[in-house]
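**Q** starting from these lines, generate the structure:
(4 chains)
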Amino acid sequence: MDAKEIIARRVALEVRDGMLVNLGIGLPSMVANYLTPEVDVFFQAENGVIGLGSRPPEGMEDPELTDAGGAFVTAVPGAASIDSAMSFGLIRGGHLDMTVLGGLQVDARGYLANWMVPGRMVPGMGGAMDLVAGARRVIVAMLHTARGTPKIVPECSLPLTAVRRVSLIVTELAVIEPTDAGLMLRETGPGVTVDEVRDATAAELVIAGDVPEMLLAGVPPGPPA
Amino acid sequence: MDAKEIIARRVALEVRDGMLVNLGIGLPSMVANYLTPEVDVFFQAENGVIGLGSRPPEGMEDPELTDAGGAFVTAVPGAASIDSAMSFGLIRGGHLDMTVLGGLQVDARGYLANWMVPGRMVPGMGGAMDLVAGARRVIVAMLHTARGTPKIVPECSLPLTAVRRVSLIVTELAVIEPTDAGLMLRETGPGVTVDEVRDATAAELVIAGDVPEMLLAGVPPGPPA
Amino acid sequence: MIPEGAILHIGGFMGVGSPHRLIDALVERGVGGFTVVANDTAMPGTGIGKMISAGMVARAIVSHIGLNPETQAKMIAGEIEVELVPQGTLVERIRAAGVGLGGVLTATGIGTLVEEGKQVVELDGRRYLLETPIRADFALIAASRADYKGNLEYHLTAHNFNPIMAMAADVVIAEPKEILPVGAIPPDAVKTPATLVDHLLERAH
Amino acid sequence: MIPEGAILHIGGFMGVGSPHRLIDALVERGVGGFTVVANDTAMPGTGIGKMISAGMVARAIVSHIGLNPETQAKMIAGEIEVELVPQGTLVERIRAAGVGLGGVLTATGIGTLVEEGKQVVELDGRRYLLETPIRADFALIAASRADYKGNLEYHLTAHNFNPIMAMAADVVIAEPKEILPVGAIPPDAVKTPATLVDHLLERAH
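**A** Coordinates of the predicted model:
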């Protein structure tokens, strides 16, 4: 199982019945593949649909039904079209139960940086600042390091996305919860030791008692979405 | 012709082709009866419809199609249902070309008071404050006096609806335009002299040259709406 | 479910588009002390007017009470506290609560009694009132059709405050005229997404 | 009709729901120096991306340019001034212009680069950015269907910024896929009332 699949499967366990969930493009979008069938959720794409479905079969694409990354999608029964004011009204207004985003850095305060690398890459924040400021739960789903460099750092050197503490950090090596007491190491990745997590993390980790290995959601019931 | 009909007919001449117009309940609503058929306008009812039509025939009422006074109405072809946020977005945002409202007092500054008489009658402002603050043109359609007491006064004694100068005051005795130079007497009512207007007005009137008698829109082409 | 003293958003304009069955049930149950946020208090015997008559409303935040003499009488007698808010400001304050804004700036009310006690912000030489969000514990709204997930449609002038209030309360109870199977309302026709609606109560026929 | 240097609201999200025929006509005509307000600059060869390639955009107020490397390159080269605005803030700023609000307070962007140069308002112990309206000279929007009066419908994720921009410009030009007789769109289906729309241009088939 590759690193991204581990992360997506672990995050999938955070999704609860009845939630409205926004998955960022890339790695976070893989989470939808690992939900258990009993979990009934609505996915939001911030460009304008609640009730995002899987990819359409080839030839069945609707050019006016896409996700926030511009990919063709379908809509589930009970879906709703929304404009950008309603979409971000839901996000900012606390109606979004969970957002899963990628990250460039997360720091000891639980602050996320994920929208620009000054002088090198300036994609813009898109909806990320609203999502981190407004969603009830903010989950950062990212690889633990970038080409060997830790992404969990004492203080973000990159511009922040928000000064709100994220709810949970899920990587292939660990599940970490930012708290008042610091970054709590809650779980380790499959076959990963606490020391290995520490070595790959630049910020200090708080470890209380035995740290269990992370559980992972099962394989998807159907073909991948 | 009674006083209210004179006022309604004179105000009807202010309505231009292509306008979006909001008529207050009572006297202002009579204006719709005197439009010439060539004038193509949309009437807004601020409770939620653009394209207000005439009263429905008996037995054809839709309990969910009413005007701001709660009376049953119809909708013209090309009408749109709107919620209160859109309705007042149009009003506040300058999309409403003209509003016609009743008045308790208008003063020399052109300020209107029309929403309460302290200690005696407190209906509330409803949409009046937004209408007066937001509409492109604000026309006050009212009887010149209340039981002999002038309603056009040096300074409103009643609580103001807005501190914005209204565009025009139309009564059965006169058409008066508030300007930087004061209340300009633009027209007199049918058979009314300038002195008669002055006698019925507590505020000072500015009179420049000959004051013409007001023109009035013709009789309605069909049965009254 | 709705406790004594709760803050309620109630949809409707002079009773049109009000959740009449929910209101009747509340009146029958008899708890009170509510703060009611609504466009108006309708007329005696209609919609919110029934709650006024029953003495269940301690405080009303509304734009208009002109057609309900009971509200005016109780206000003067000190039995109901009434906060009058311009209609356009009222709907934006409710929306602000729903969409997570800390407030909005409006020129409506500047220089009037509405300005009293409010923060004034000057911007590019213009003065605006800073109007703050109005959130409720419960939103009681009416709709024309719903599906079983809770997606809502509204009809003509029965929209009014309902779609906005559906965003601005902890618990949203919608009273549609009929409830349809999921999928029966096309995505483009949905005006309130199901995710906002907690409970559905079909209107009695 | 659209002069050099105009401020333009242009609907669309990565080109979906953009007024492609209007954009193509502008590119063909070749005037420029525009300030473009939009969610993003799409991709090279698509929608607003064509205007970027043609060098017609002097300033872009957008939330995202990540999929258009030309915008990034021109920004770094100083050929385009780019103001990045959080997407939810951008839509509320455009809405504020459309509905006549002087500004809105949002917590989005507090403590980030977005805060720079902006007024911060503290309310009940929380800090908010005061975000001001963004109005345009022209709004170029796409719709699914229109009637001849200009009432508009939108389809699925092609709504995005279009209905909001339709309120916030001096002149609104809508590009529907088809134009129907007046009355063909029921009142409850209208999302942009005709009164907001100045011109219609049917999309080429």
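**Q** for chain A, what lies in contact range of chain C?
**A** A:20, A:42, A:49-51, A:75, A:77-82, A:85-86, A:88-95, A:134 (C-beta under 8 Å from any C-beta of the partner chain). All C-beta spots, glycine's among them, are computed from the backbone N, C-alpha and C.
**Q** try it again with 10 Å
**A** A:18-20, A:40-42, A:44, A:48-51, A:65, A:75-82, A:85-97, A:130, A:133-134 (C-beta under 10 Å from any C-beta of the partner chain).
**Q** if any of those are buried, give me the ChimeraX selection for them.
**A** For the buried members of the residues of chain A next to chain C, the matching ChimeraX selection, counting by 16 or more other C-beta atoms under 10 Å in any protein chain shown, is:
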select /A:19,20,41,42,44,48,49,50,51,65,75,76,78,79,80,81,82,85,86,87,88,89,90,91,92,93,94,95,96,97,130,133,134
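**Q** the residues of chain A next to chain C in strands, which ones?
**A** A:20, A:42, A:44, A:49-51, A:75-81 (DSSP state E).
**Q** C:E4: which of those residues is nearest?
**A** A:L20 (30.8 Å; C-beta to C-beta).
**Q** tell me the bridge partners for that closest one.
**A** Bridge pairing for A:L20 (DSSP bridges) gives the partners A:F42.
**Q** distance check, it against A:N47.
**A** Distance from A:L20 to A:N47, counting by C-beta to C-beta, to the nearest Å: 15 Å.
**Q** A:G218 belongs to a strand, doesn't it?
**A** No. For A:G218, which was evaluated using DSSP: H, G, I helix; E, B strand; the rest coil, the result is coil, with no strand membership.
**Q** mind checking pLDDT for residue 20?
**A** By default, I'm working from chain A. We have a pLDDT of 97 for A:L20.
**Q** actually, chain C is the one I wanted.
**A** Per the predicted model, pLDDT is 97 at C:H20.
**Q** check the burial of it by counting its neighbours.
**A** 18 (other C-beta atoms under 10 Å in any protein chain shown).
**Q** give the contact list for it.
**A** Residues near C:H20 by C-beta atoms under 10 Å, 6 or more residues apart in numbering or on different chains: C:12, C:46-48, C:50, C:142, C:175, C:203-204.
**Q** try A:T179
**A** Taking C-beta under 10 Å, 6+ apart, one finds A:110, A:165, A:186, A:206 in contact with A:T179.
**Q** the third one: neighbouring residues, count only.
**A** Counted with other C-beta under 10 Å, the neighbours of A:R186 add up to 18.
**Q** quick one: what helix or strand has it in it?
**A** strand A:182-188 (DSSP states H and E).
**Q** after that strand, next one along is what?
**A** Counting by DSSP H and E, what follows strand A:182-188 is helix A:194-199.
**Q** now that following helix: buried residues?
**A** A:V197.
**Q** pLDDT on that helix, on average?
**A** 97.
**Q** can you check stretch C:121-135 too?
**A** 96.
**Q** pull out the buried residues from it.
**A** With the criterion 16+ other C-beta under 10 Å, stretch C:121-135 contains buried residues C:121, C:128-135.
**Q** and which of those residues is nearest A:T161?
**A** Using C-beta to C-beta, the buried residues of stretch C:121-135 come closest to A:T161 at C:P133, 24.1 Å.
**Q** cross the contacts of C:H20 against helices and list the overlap.
**A** C:48, C:50 (DSSP state H).
**Q** from the contacts of C:H20, list the buried ones, please.
**A** Buried among those (16+ other C-beta under 10 Å): C:12, C:46-48, C:50, C:142, C:175, C:203.
**Q** cool, thanks, signing off.
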